[in-house]
Structure formats: C-alpha cells, structure tokens
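Engineer: test case, fold it:
(chains A and B)
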There are 2 protein chains.
Amino acid sequence: MDFETERIAKLVKETDAQTIVLQFPEGLKRYGPPLALQMERDLGIAVMLSGNPCYGACDLDVTSRADLLFHFGHAPIPRIQVPTAHFIEVRNDTDVIPITQKALSVVEGHHIGLLTTVQHIHKLEEIKRELESQGYRCDIGCGDDRIQYPGQILGCNFSAARAVNVDEYLYIGSGTFHALGVGIATGKRVIVADPFLDRIIIPDTETIIRQRHGFIAKARDARSFGVLIGTKIGQRRSALARELIAEARSHDYDAFAIRVNEVTPWVLYQFPADAYVNTACPRIAIDDASTFRAPMLTPIEFEIVLDKRSLSDYVFDEF
Amino acid sequence: MDFETERIAKLVKETDAQTIVLQFPEGLKRYGPPLALQMERDLGIAVMLSGNPCYGACDLDVTSRADLLFHFGHAPIPRIQVPTAHFIEVRNDTDVIPITQKALSVVEGHHIGLLTTVQHIHKLEEIKRELESQGYRCDIGCGDDRIQYPGQILGCNFSAARAVNVDEYLYIGSGTFHALGVGIATGKRVIVADPFLDRIIIPDTETIIRQRHGFIAKARDARSFGVLIGTKIGQRRSALARELIAEARSHDYDAFAIRVNEVTPWVLYQFPADAYVNTACPRIAIDDASTFRAPMLTPIEFEIVLDKRSLSDYVFDEF
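Structural biologist: Next up is the predicted model:
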C-alpha cells in the first residue's frame, strides 16, 4: 500500500508545517496509528489522526486546525477546493487483466464502458487495450466537475458512465456499492470484476428499485417530513432543502429542516416525522434504509411523492 | 416548559435574522419539530433543527451558518463566547420544597452546600431559606469562569461545590450523573433530592472510584495509548494532549493523537491501542466505560499511570 510518505515529508518541509492531520476512510483507518507514530518520529512534528467517520472526499475533515490535512484513499473532487488539503490516493497494484479476461465470459454487448474508482484508475488504459485486442469496442468517459479522472465514479456521481453511449459497463473493483449506482443511474447492465476476490458479479439493480418504489408508496401516506441538510463540506444542499420544504408546504405537508453532520437512525428517533428526505449523501437513504424508523427518500424520490416527477422518470440522486 | 418564544421572536426582529438554528440536548429534542414548524409559520424565516448530538453548552453547534443559534436547556458557559448564540435555559417550575423537606430526614451534617443544574437554579435561595428556618447552616458557592450561576454545577465542573467548605451537599435534580461527579470531586457525601420522582438517593461514589482504580491498574500494562482530542467548541484541550503524548513517549510508550467530534466505541475499534486517554468530555471515560474495547482514562488518571501523581491524589477531571 503506497501512503506516499516521501511526498508528505516534502510537503511538510516546503510549507514548514508544524501540525498535520491524517484522514482515512473507514477501510484504511487501521493503518493510521503506525503511520502517525512513524511520521512523528521521522518528521519531528505533531501528527493527529482524524477520528471522525469518513466516507468520501466529500467528507474532508476541515474542522482540523492543522497546517496540512492529508486525506487518504480518495481522489480530490475538483469542485471542492481546500488549500491545506492534499490527497494520497493509495493506488492499488493488483493485476486486473486476469479478472478482465474472466469478465469477458459474461459480457453480452460489443461496446463496453469502463469504470472504476481511484484505486484502479491507472489500470483503465491497459484494460481498454486488452478488450480492444479481443475485438470489443471500449470507451472511458469523462465525468463532470466532481470527477478527477476519466472512467472514475463515486458512490454519488456516475457522470463518467453517462458520458459514454455503450451497450454495458465493466466495473473494476470490489463490492456492489458503486456498480449498483451505475445500474440505477444508467439503466444498463453492469458487470463487476473484482480483482481481489477473483469474482464476477452482476448486481441486482431491480430489487433495489422495487424497494425504492415501496418507500415512495409508503411516503405518499406521510403528513410530516423531516428534511435533512448535511454539513459535510461536499454534501451541503441547503438551497435544495429549502425548495423542497417550500414545495412540501404548498402541498399542505408539515416539513421541517434538520442540519446534521452524521445521519444516523438516532437523529430520526429524536425528531419524529412520518418520512424523511435526505439532501446530504444520496447513498444513505438507499444503503442504510433498513436502519431507519420511517422511509427516507432522496430529493428525486420526494419529487415523485409531490407529483413533480413521474415514477417512470425515476433516477439516481447524484451530486 | 418555557421555550421563550417571545424572546426569540424579539431577537429575530432586532437582528433581522433570516435563518436560525434551534439546538436541543437529547432529552428535549422531541420538542424541536413542533417548535420549528410554529416559528417558521409565525416569524416567516427559515428555521433549522440541529440534528447533531448535544450533551452540554460546551457542545454549541457552531457549524451552522445561520444568522442566530438558539441553544436550549443549558446555561451559557461564560468563558465560551459565540456572538450569534443565545441560551434558552428552559427553567422548571416544579415545587422543590417538599423534596427538600424529605431530604432532611437523611441529612447527617449541620452545614449544607446547595447545588443544582440550571433547570432549578432559580429555586436555590428558596431552599436555602427553608433549610435555615429548620436550623441548618447553608451555603451556595460561586463557580469559576465556566459557571454562570451560584450553586450551578455541570457534569464536568464542580467548582461551585468546592467553593464552599460544608459537611455535605444537597443536590436538587434527577439522576445521579451530576451528584456522582460532586462526590468524586469533593470526597464528600451528596444527597440527591429528585423533585420529579419524589425520591432521595445517596449515590455510590465508592464503586465508581474502585472501577477507576481497576482501569488505571489495567492501563499500567499498556504499551500503546491513543490520546483523544475533542473538537467541540468547549471540549478542546490540544495543548494538554500534546503534553501527555510527550510524557508518554518519554516513558517509552507508543502514543498517538486522535482528533474527533463524537467519541464512540467505533473510533477506538478503528484505531487500536492498549488504552486511551480522553482529553475531551471527562464524563465519557467514566459513564461510557463499559462500551469501550480497552481502558479509557481521564488525563488525571493517565498522570497516575505515568507516576506523576499518586493514586491517593485521585481527583475528578474537570473542565
């Protein structure tokens, strides 16, 4: 795992930083303590770990009053500029060609869109060449101003997928989290090629969409809505929340705003409503649905409840 | 329950505020949604509830970019100045004289120190008169620069108790949370007179102190320490944390700093160490002890581990 300690040392020296914060996503946090100890020893400065939950580059720990913030495991989001923040992307060097070859056995189309997260982003051109050598047409799309690299997707942004008109997508990475989003956002088939578990998965987008339709139907009986506004730097949509509240009131719903950093089941227990709308991270409503006391909708889904959008226009809420 | 809506309306008008945040401690949060709906209707402004956990006036939600912040259920901490913040103390009007009379049956001393939280703070003079009419001597101490009212205590500040030299304390309020702190901080007997449950309790300070000794003994075997630094406005002790880390290293311990907003068991699972020291809220180490994977010490307790303080000098960690 490359934590770029030399680059960090160089930046510390150049800026004469006396205090730095290291921020890791949940899956990398365990590397934090040994790295912090090593860097304090080697650099002679104060190193602090960010203990707050971290689920993306949208979630930069700007509460820290340190001279520099090193954020690990995510690419920068170009639209979010924090001068003291530096991104250590922690690229992975696993060979992805074997799993790509395995994936070809389930590919149905001829024109393939390639997608991945920052971990494998430097491998996409190599995969493209492999696919083309096998006679496929292959595109790597460029995303919008939240996306740093061609072919890169976030859990809340599939603009690089929508940028190409392909038969289906090949996603390199583990888990179905990102691929489900691509499937919902594009309506197309997505093949997950997991180089770590050497496994191919076709995520079941339909079940998720049926669940969402269920929550929308249930929310149509609601009289009161709690509208959540995130305070994380890349998750703020106050203006959208105010619009939704105004709309809700014009439909005679009771609607109130909740500003919150971490959206947890406890927040909803403390502020009871018949249903909730989450304008912060779009994934929370979908991935944590079963933990909430009442339906939590995305803004898109709430538009359907308000009859501003038809159910057939269902799309993924993207940032 | 007096939420001082007229005072809020007046402040909104005077400052021409367009957006306000209402922040409640956990026990009052359920009053938030109806109050927010009423105030949006009556005042025609944007009202937002703070959804973040709130355990004290140390925990002001300064992340909010609203024109005014109304913080309910706590008195201001004079040392913490936030110009946009206003405190709605939510005083309670329960008659406290009957429970005071009941408490006298268990009073052993002659000279009594009166203590309470902001909820009943306006009742202390009346209680003092009652006690004096029964022949007791009675003192109400003035706290330090974190304490707004004579006789007021916080979960982390018992300076108003230490300010008087009495035989024992009479605490008006519910639960043993505050009284346990007084008992540990002063070493004196504390009688809890709970006007809501009409019940007298003598908290068992000894058991807590024995538990703390157990954690201190266990931490003596630790080789690595995670030192927690709180980021809530009234819980920051970075300099103390750095001192403790330097001391720990001079004793050949591995010690690393974790900056965190909410100290949860999950944070410790993510950053494994043999033991932890919490420089944020002093109550977390004591009240949530059973939820943590390893001993969590207060800075005072860590000084004992480092042999900078003797076990017989054990005191409560106060802010």
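Engineer: helices of chain A, start to end?
Structural biologist: A:5-15, A:32-43, A:97-103, A:124-133, A:159-162, A:177-186, A:205-219, A:238-250, A:265-270, A:282-287, A:299-305 (DSSP state H).
Engineer: adding distance to A:N52 and mean pLDDT, write those helices out as JSON lines.
Structural biologist: Heads up, the C-betas are built off the backbone N, CA and C, glycines and all. As requested, these are arranged in JSON lines below (distance: least, C-beta to C-beta, whole Å; pLDDT from 0 to 100):
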{"stretch": "helix A:5-15", "distance to A:N52": "20", "mean pLDDT": "98"}
{"stretch": "helix A:32-43", "distance to A:N52": "12", "mean pLDDT": "97"}
{"stretch": "helix A:97-103", "distance to A:N52": "34", "mean pLDDT": "97"}
{"stretch": "helix A:124-133", "distance to A:N52": "31", "mean pLDDT": "98"}
{"stretch": "helix A:159-162", "distance to A:N52": "27", "mean pLDDT": "98"}
{"stretch": "helix A:177-186", "distance to A:N52": "20", "mean pLDDT": "94"}
{"stretch": "helix A:205-219", "distance to A:N52": "28", "mean pLDDT": "96"}
{"stretch": "helix A:238-250", "distance to A:N52": "21", "mean pLDDT": "96"}
{"stretch": "helix A:265-270", "distance to A:N52": "16", "mean pLDDT": "96"}
{"stretch": "helix A:282-287", "distance to A:N52": "16", "mean pLDDT": "95"}
{"stretch": "helix A:299-305", "distance to A:N52": "25", "mean pLDDT": "98"}
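Engineer: ok, A:R237 - how many residues close by?
Structural biologist: For A:R237, the count of nearby residues is 18 (other C-beta atoms under 10 Å in any protein chain shown).
Engineer: now it, nearest residue through space, not along the chain?
Structural biologist: Using C-beta to C-beta, 6 or more residues apart in numbering or on different chains and skipping the chain neighbours, the partner closest in space to A:R237 is A:T279 (4.2 Å).
Engineer: on that earlier part again, so for B:T19, which of the helices of chain A sits nearest?
Structural biologist: Of all these, helix A:238-250 sits nearest to B:T19, with 8.7 Å by C-beta to C-beta.
Engineer: what separates the closest one from the chain centre, distance-wise?
Structural biologist: Distance, stretch centre to chain centre, for helix A:238-250: 24 Å (C-alpha atoms, centre = their mean, to the nearest Å).
Engineer: got the angle for it vs helix B:32-43?
Structural biologist: In terms of direction (axes from the mean of the first three to the mean of the last three C-alpha atoms, to 10 degrees), helix A:238-250 departs from helix B:32-43 by 80 degrees.
Engineer: helix A:238-250 and chain B in contact?
Structural biologist: Yes. Residues of helix A:238-250 contacting chain B under C-beta under 8 Å from any C-beta of the partner chain: A:R242.
Engineer: how about that helix: buried residues?
Structural biologist: For helix A:238-250, a neighbour-count test (16 or more other C-beta atoms under 10 Å in any protein chain shown) marks A:S238, A:A241, A:R242, A:L244, A:I245, A:E247, A:A248 as buried.
Engineer: and that helix, what does it pack against?
Structural biologist: Here helix A:238-250 touches strand A:224-230, strand A:254-260, helix A:299-305, going by 3 or more C-beta pairs under 8 Å, 6 or more residues apart in numbering or on different chains; DSSP states H and E.
Engineer: now do it and strand A:224-230, the angle between them.
Structural biologist: Between helix A:238-250 and strand A:224-230, the angle comes out at 170 degrees (the same axes, to 10 degrees).
Engineer: the inter-axis angle of helix A:238-250 versus strand A:254-260?
Structural biologist: 160 degrees.
Engineer: hey, C-alpha coordinates of helix A:238-250 in PDB?
Structural biologist: Taking Å, rounded to 0.1, in the frame of the first residue of the first chain, the C-alpha atoms of helix A:238-250 are listed here in PDB:
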ATOM      1  CA  SER A 238     -29.300  23.900   1.800                       C
ATOM      2  CA  ALA A 239     -31.000  25.700  -1.100                       C
ATOM      3  CA  LEU A 240     -32.400  22.400  -2.500                       C
ATOM      4  CA  ALA A 241     -33.700  21.600   1.000                       C
ATOM      5  CA  ARG A 242     -35.400  25.000   1.300                       C
ATOM      6  CA  GLU A 243     -37.100  24.500  -2.100                       C
ATOM      7  CA  LEU A 244     -38.300  21.000  -1.100                       C
ATOM      8  CA  ILE A 245     -39.700  22.400   2.200                       C
ATOM      9  CA  ALA A 246     -41.500  25.200   0.400                       C
ATOM     10  CA  GLU A 247     -42.900  22.700  -2.100                       C
ATOM     11  CA  ALA A 248     -44.000  20.300   0.700                       C
ATOM     12  CA  ARG A 249     -45.800  23.100   2.500                       C
ATOM     13  CA  SER A 250     -47.600  24.200  -0.700                       C
END
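Engineer: now what about it, what contacts it?
Structural biologist: With C-beta atoms under 8 Å, 6 or more residues apart in numbering or on different chains as the test, helix A:238-250 has contacts from A:225, A:227-229, A:254-257, A:277, A:279, A:299, A:302, A:306, A:308, B:46.
Engineer: then stretch A:13-28?
Structural biologist: Contacts for stretch A:13-28 (C-beta under 8 Å, 6+ apart): A:8, A:11-12, A:31-32, A:35-36, A:39, A:45-50, A:52-56, A:60-61, A:64-74, A:90, B:259, B:270.
Engineer: chain center to that stretch, what's the gap?
Structural biologist: Put simply, stretch A:13-28 sits 22 Å off its chain's centre (C-alpha atoms, centre = their mean).
Engineer: also stretch A:263-283?
Structural biologist: Taking C-alpha atoms, centre = their mean, the mean C-alpha location of stretch A:263-283 is offset from the chain mean by 19 Å.
Engineer: end to end, how far does it reach?
Structural biologist: Using C-alpha to C-alpha, to the nearest Å, one end of stretch A:263-283 lies 11 Å from the other.
Engineer: over to stretch A:66-82?
Structural biologist: Start-to-end span of stretch A:66-82 (C-alpha to C-alpha) is 13 Å.
Engineer: residues of stretch A:122-133 that come out buried?
Structural biologist: Result for stretch A:122-133 [16+ other C-beta under 10 Å]: buried residues A:K123, A:L124, A:I127, A:K128, A:E130, A:L131.
Engineer: find the nearest non-adjacent residue to A:F158, please.
Structural biologist: Spatially, and ignoring its direct neighbours in sequence, A:F158 is nearest to A:A185 (4.0 Å; C-beta to C-beta, 6+ apart).
Engineer: what's near enough to touch that neighbour?
Structural biologist: With contacts defined as C-beta under 8 Å, 6+ apart, A:A185 is in contact with A:F158, A:A161, A:R162, A:V315, A:F316, A:E318.
Engineer: now, among these, which is nearest to A:L114?
Structural biologist: A:A161 (9.7 Å).
Engineer: ok, the closest one touching A:T116?
Structural biologist: No. Counting by C-beta atoms under 8 Å, A:A161 stays clear of A:T116, with 11.0 Å between them.
Engineer: what sits in contact with each of those two?
Structural biologist: Here A:A161 and A:T116 share the contacting residues A:I153, scored by C-beta under 8 Å, 6+ apart.
Engineer: how near is the spatially most distant residue from the centre of chain A to chain B?
Structural biologist: Distance from the C-alpha centroid of chain A peaks at A:G44, with 34.9 Å (C-alpha atoms, centre = their mean). To chain B, A:G44 is 12 Å away according to C-beta to the nearest C-beta, to the nearest Å.
Engineer: what's the answer for A:D67, then?
Structural biologist: When A:D67 is compared with chain B (using C-beta to the nearest C-beta), they lie 13 Å apart.
Engineer: and the gap between that residue and B:D139?
Structural biologist: Distance, A:D67 to B:D139, by C-beta to C-beta, to the nearest Å: 49 Å.
Engineer: name the member of the buried residues of helix A:238-250 with the shortest distance to A:E168.
Structural biologist: Nearest to A:E168 among these is A:L244, at 34.1 Å by C-beta to C-beta.
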